[in-house]
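**Q** Sequence first, then the predicted structure:
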There are 2 protein chains.
Amino acid sequence: MTTPKQSAGTGAIKPELLGGFRDLLPAEALMTQKVVDIARRVYESFGFVPLETPAMENRRVLLGDATNFNKSIFLSRIVRGIEDKDIEGGNWDQDYALRFDLTVPLARVISAYPDLPKPFKRYQIGKVWRGERPQAGRYREFSQFDFDIIGSNSILADIEVIQIMYETMKALGTLNFLIRFNTRKILNGLAEVVGCLDKSNEVFRIIDKLDKIGLAGVKSELQRQPDNELDDSALAMSDEKADKVIKFLQIKGETSQMVLSQLKEFFGESTGLGQVGLKELEEISQALIYLKIPQENWRVDLSVARGLDYYTGPVFETTLTDIPEIGSVFSGGRFDGLTNRFMPGSNIAGVGASIGVDRLIVALQKLNLFDQTDSITDVLVTVFSPELQNQSLDMVQELRRQGFNVELYLGEDYTFRAQFSYAAKKSIPFVVIIGPEEVKNGKVQLKDMKARKQEPLTKEECFANLKSSLGK
Amino acid sequence: MTTPKQSAGTGAIKPELLGGFRDLLPAEALMTQKVVDIARRVYESFGFVPLETPAMENRRVLLGDATNFNKSIFLSRIVRGIEDKDIEGGNWDQDYALRFDLTVPLARVISAYPDLPKPFKRYQIGKVWRGERPQAGRYREFSQFDFDIIGSNSILADIEVIQIMYETMKALGTLNFLIRFNTRKILNGLAEVVGCLDKSNEVFRIIDKLDKIGLAGVKSELQRQPDNELDDSALAMSDEKADKVIKFLQIKGETSQMVLSQLKEFFGESTGLGQVGLKELEEISQALIYLKIPQENWRVDLSVARGLDYYTGPVFETTLTDIPEIGSVFSGGRFDGLTNRFMPGSNIAGVGASIGVDRLIVALQKLNLFDQTDSITDVLVTVFSPELQNQSLDMVQELRRQGFNVELYLGEDYTFRAQFSYAAKKSIPFVVIIGPEEVKNGKVQLKDMKARKQEPLTKEECFANLKSSLGK
């Protein structure tokens, strides 16, 4: 790699990040890795295998033929030997777009490799990029860890997704969490009952504002009359129908049975989408009870909606109940038909969920559920002097073969003070010292940094001591 | 996530990749993950911790104030609601540049967080992007897995880098490999001896062409006279000096001792950079011998040069001796001073190496050193009928608790034929069948797909059988 030629006389460049981007320094990177390793083990135990797709895709693959879309994305071009005029007005290649999720690339893969055996169960960890305005806790680059089942219409697949979400959250430690789910079909059933199936997205848009505008606000928006002849978004709902929606929004319960019996009453004798959705929620709930997934960890919640023109069946969210304000850390749903952009009419079924890795890490930090440690080194071996470095090299190699993470001191200041200070700064729990005295006696000094004590031991005693102290 | 609105009447979009990009389907992604896991374990055993930096950095951070550089990079901009005119002539943000390596971002981190304890030992796995013309085996996006020691001038750090390269290659399996190393100082010593230290890059440029133009070609280029008054690249070397360079290029040997003794003779009584480099190579060689790193796995090789205006001391390359044509799979060197762009005069020492993950995977595939398997599922549990699905759900959960990777059959075709065919396609070695007969007897059928035999077992017998068959 050749470094670029510098223009003469320029000052230092600020070592700054772009707005909306961030570094994960070792403590955070270690936590992230731990979460990913745990989730990966769970996903693999359900038979999921990894897939990697490029960071960049053709713009049409990601966005279709849209020229008008309501998200901000990154487009790229290739340049060589920049002149400022190239940047301003240059001939940008319009094809390179950075992915904004891992689901559209998955749909491309499914379409491009029709021979992949189905159901295809894959997981993917990866960065995604969105050009949105950075806010506290909202970045332009973040990690997602998705798992999806492609090609199964079975309700068993939806049940499995919830099971995996539960097992993953459980494996992450002593977290209090609640998986809330609903199905798009119930919401469509509601729109049907009030005769608005053709304008269902408008109904959902208003319902989604419940937290902000309250029941009265929702009712008034449902009843809004058109402003003019071209205003086709106004629902102009009758009082009776608007009340029906309000009644639906008041269905709540601690257990799924409570919610489901009210829902059953709500849809009553009507046949249609509501009944289909009700059956879905019942089947899922029964299976979760049968699987003995604790009822404190899941609930049917009719307010769970998620990106509605994307999902077609069950939708899932996971809240950390000790820190609900952070939002859902693990969400997903059924999205049948995502391959239709590439294979019109293919209508391939898909269901899955995704961990918002960065958000989860922030939550774990706030809950003090992870060590803030930025080192994984068990032992530092000091170097007494260049003449005795071989003895230290030996000891490092032997300790490593015993399964410890070991550092040889690599500084140039050979004073004990400097070497201990390095161990202290990095919170390395043990230090091994080999000086001329130890070489003569065939021993080493083992220093316990926390207990501040030090004793001469044979190498074998030293290994045994470390093994029991470190629990290895 | 909202899907973009489609323009009316457009046809299907091709599910194609951009040129120079590729997917890692499960078999390749599993192999990649295996390599990364193995290397990570070795890096961690030497006390390295992870770091993550963004895919995009400020252009000036990556390239300095260069307007003229000899690599092609990706610049990005944020768009929302694309119109074609925006793409062609729009107001691109010139700041967003995709990283082309992990070393410059590391230098930024070192400069931005001066409190990181030093020596700072970090590893980073990540994608990098280069806008070069795609060729066979050369992509515009590839993975690097770097480890670096920042802030140590000690030769022990250089030795440790070779040790880590050796341990990693060893841990990857039964590979024949050769780590070849040299030091920039020897090459500077050569330039000094022939009185060209001020034009050393020109000397190296010519030497680098040895493979293509041979010794005679090198000699003639070293002796080339200037074409005109402005031609300051011509070295116009005397016959005696050019012969000296040729003599240097002929130094070779099976063992480091052979190379070092010839080098000693070459530099003779001269004092200067050559002696410094010689001492470096001697110290490294002695330590590797002392550490009993087999001499068949490493060698001093004076033809190893690498990106010369980047490195300042030892440089390392790793060749797979059964497939040398693929090039170095694990390379690095000492690069003191990389932080100078951000902190002029800081001159912080750095040394490390990087696995070319994709190239290594290609090599392992060619050497048949990895399974081509695209599944990690141990057992498929069939579903006899929707009425008996709970029995299957139970069995899946129990098998998973026993530590197996288990899939529940999620297809809608409940025939045995369809279920066995799924297991066969995914090379799942065992299938568990629970039909009405088995439910009645409290047993399950365990089918060994490879042996094509099937037997009724109690659940406990089934677990035991699987454990011994799968070696879990």
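**A** Thanks, I have it.
**Q** what about A:Thr382, neighbour count?
**A** By other C-beta atoms under 10 Å in any protein chain shown, the residues close to A:Thr382 number 25. C-betas here are computed from N, CA, C, even on glycine.
**Q** Okay, it and B:Gln223: tell me how far apart.
**A** Distance from A:Thr382 to B:Gln223, counting by C-beta to C-beta, to the nearest Å: 53 Å.
**Q** same check, this time on A:Asp336
**A** Taking C-beta to C-beta, one finds A:Asp336 at 73 Å from B:Gln223.
**Q** before we move on, what about A:Leu393?
**A** 46 Å.
**Q** if you count what's nearby, which of the two comes out ahead?
**A** A:Leu393 (20 against 15).
**Q** Now do the contacts for the more buried one.
**A** For A:Leu393, the contact set (C-beta atoms under 8 Å, 6 or more residues apart in numbering or on different chains) comprises A:408, B:156, B:159, B:287, B:290-291.
**Q** how about the residues of the stretch 351-472 of chain A that lie near chain B?
**A** Residues of the stretch 351-472 of chain A lying near chain B by C-beta under 8 Å from any C-beta of the partner chain: A:374-377, A:383, A:389-390, A:393, A:397, A:400, A:404-408, A:410-412, A:422, A:425-426.
**Q** Filter those residues down to just the buried residues.
**A** A:374-377, A:383, A:389-390, A:393, A:397, A:400, A:404-408, A:410-411, A:422, A:426 (16 or more other C-beta atoms under 10 Å in any protein chain shown).
**Q** Over stretch A:175-192, what's the mean pLDDT, rounded is fine.
**A** The average of the pLDDT scores along stretch A:175-192 is 93.
**Q** The residue in the stretch 301-450 of chain A that chain B sits nearest to sits in which helix or strand?
**A** The stretch 301-450 of chain A approaches chain B most closely through A:Glu407 (3.6 Å), counting by C-beta to the nearest C-beta. Element membership for A:Glu407, per DSSP states H and E: strand A:406-408.
**Q** picking that back up, now, the contacts of A:Leu393 that are in helices?
**A** Among the contacts of A:Leu393, the members found in helices (DSSP state H) are B:156, B:159, B:287, B:290.
**Q** For A:Leu369, give me its contacts.
**A** Shown in contact with A:Leu369 (C-beta under 8 Å, 6+ apart): A:173-175.
**Q** still on that earlier bit, who does the strand holding A:Glu407 pair up with?
**A** Neighbouring strands of strand A:406-408 in its sheet, by DSSP bridges, are strand A:379-381 (parallel).
**Q** quick one on the thing from earlier: which ones among the buried ones among the residues of the stretch 351-472 of chain A next to chain B lie within strands?
**A** A:406-408 (DSSP state E).
**Q** ok so A:Gly352 is a helix residue?
**A** No. Read with DSSP: H, G, I helix; E, B strand; the rest coil, A:Gly352 is strand and lies in no helix.
**Q** wait, what's in contact with it?
**A** If you count contacts by C-beta under 8 Å, 6+ apart, A:Gly352 has them with A:103, A:146-149, A:161, A:332.
**Q** Spatially nearest residue to it, not counting backbone neighbours?
**A** Spatially, and ignoring its direct neighbours in sequence, A:Gly352 is nearest to A:Asp148 (3.0 Å; C-beta to C-beta, 6 or more residues apart in numbering or on different chains).
**Q** same check, this time on A:Met395
**A** A:Val381 (5.2 Å).
**Q** The one you found: neighbour count?
**A** Using other C-beta under 10 Å, the number of residues around A:Val381 comes to 25.
**Q** what about stretch A:158-173 and chain B, any contact?
**A** Yes. For stretch A:158-173, a contact with chain B is found by C-beta under 8 Å from any C-beta, at A:159-160.
**Q** Give me the buried positions along that stretch.
**A** Buried-residue list, stretch A:158-173, by 16+ other C-beta under 10 Å: A:158-170, A:172.
**Q** Which member of those is positioned nearest A:Ala363?
**A** For the buried residues of stretch A:158-173, the closest approach to A:Ala363 (C-beta to C-beta) belongs to A:Leu172, at 10.2 Å.
**Q** Which of the helices or strands spans the spatially closest residue to the closest one that is not a sequence neighbour?
**A** Distances taken as C-beta to C-beta, 6+ apart place A:Ile38 nearest to A:Leu172, at 5.8 Å, with adjacent residues excluded. Secondary structure assignment for A:Ile38, by DSSP H and E: helix A:26-45.
**Q** Helices - which of the residues of the stretch 351-472 of chain A next to chain B land there?
**A** Using DSSP H, these in helices are A:389-390, A:393, A:397, A:400, A:422, A:425.
**Q** Max pairwise distance over the residues you listed: which two?
**A** Using C-beta to C-beta, these reach their maximum pairwise distance at A:Asn390 and A:Lys425, which is 26.4 Å.
**Q** number of nearby residues for A:Gln372?
**A** Neighbour count of A:Gln372, defined by other C-beta under 10 Å: 11.
**Q** right, and it touches A:Glu28 too?
**A** No. Using C-beta atoms under 8 Å, A:Gln372 makes no contact with A:Glu28, being 9.1 Å away.
**Q** between the helix holding A:Ile38 and helix B:26-45, what angle do the directions make?
**A** Here helix A:26-45 runs at an angle of 140 degrees relative to helix B:26-45 (axes from the mean of the first three to the mean of the last three C-alpha atoms, to 10 degrees).
**Q** returning to that earlier point: element containing the residue nearest to A:Gly352, please.
**A** Counting by DSSP H and E, A:Asp148 is found in strand A:141-150.
**Q** again with A:Leu106
**A** Secondary structure from DSSP H and E places A:Leu106 in helix A:103-112.
**Q** who's in contact with the nearest residue to A:Arg130 once chain neighbours are set aside?
**A** Excluding its sequence neighbours, the residue lying closest to A:Arg130 (C-beta to C-beta, 6+ apart) is A:Phe100, at 5.2 Å. Contact analysis of A:Phe100 by C-beta under 8 Å, 6+ apart lists A:62, A:71, A:73, A:128-130, B:1.
**Q** wait, is A:Phe100 part of a strand?
**A** No. Using three-state DSSP, the assignment for A:Phe100 is coil, not a strand.
**Q** Go ahead and confirm the residue nearest to A:Leu172 touches A:Ala171.
**A** Yes. Using C-beta under 8 Å, A:Ile38 is in contact with A:Ala171, at 4.9 Å.
**Q** so what does whichever helix or strand A:Cys462 is part of touch, helix or strand wise?
**A** Assigned by DSSP H and E, A:Cys462 falls within helix A:459-470. If you count contacts as 3 or more C-beta pairs under 8 Å, 6 or more residues apart in numbering or on different chains; DSSP states H and E, helix A:459-470 packs onto helix A:389-401, strand A:430-433, strand A:444-448.
**Q** Just send those back as CSV, with distance to B:Asp211 too.
**A** As requested, those are arranged in CSV below (distance: least, C-beta to C-beta, whole Å):
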stretch, distance to B:Asp211
helix A:389-401, 36
strand A:430-433, 47
strand A:444-448, 49
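**Q** Single out the most deeply packed of these.
**A** strand A:430-433 (a mean of 22; mean count of other C-beta atoms under 10 Å in any protein chain shown).
**Q** so after it, what's the next helix or strand?
**A** Later in the chain than strand A:430-433, the nearest helix or strand by DSSP H and E is helix A:436-441.
**Q** Can you give me the buried ones in that next one?
**A** Going by neighbour count (16+ other C-beta under 10 Å), the buried part of helix A:436-441 is A:Glu438.
**Q** Can you tell me what sits against it?
**A** A:384, A:388, A:391, A:444-445, A:456.
**Q** Among those residues, list the two that are farthest apart in space.
**A** Farthest-apart pair in the contacts of helix A:436-441 is A:Leu388 and A:Pro456; separation 15.9 Å (C-beta to C-beta).
**Q** Looking at those two, which has the bigger crowd around it?
**A** A:Leu388 (17 against 14).
**Q** Quickly note the distance from A:Asn465 to A:Val379.
**A** Distance, A:Asn465 to A:Val379, using C-beta to C-beta: 11 Å.
**Q** Which one of the two is surrounded by more residues?
**A** Neighbour totals were compared for A:Asn465 and A:Val379, and A:Val379 leads with 26 against 15 (other C-beta under 10 Å).
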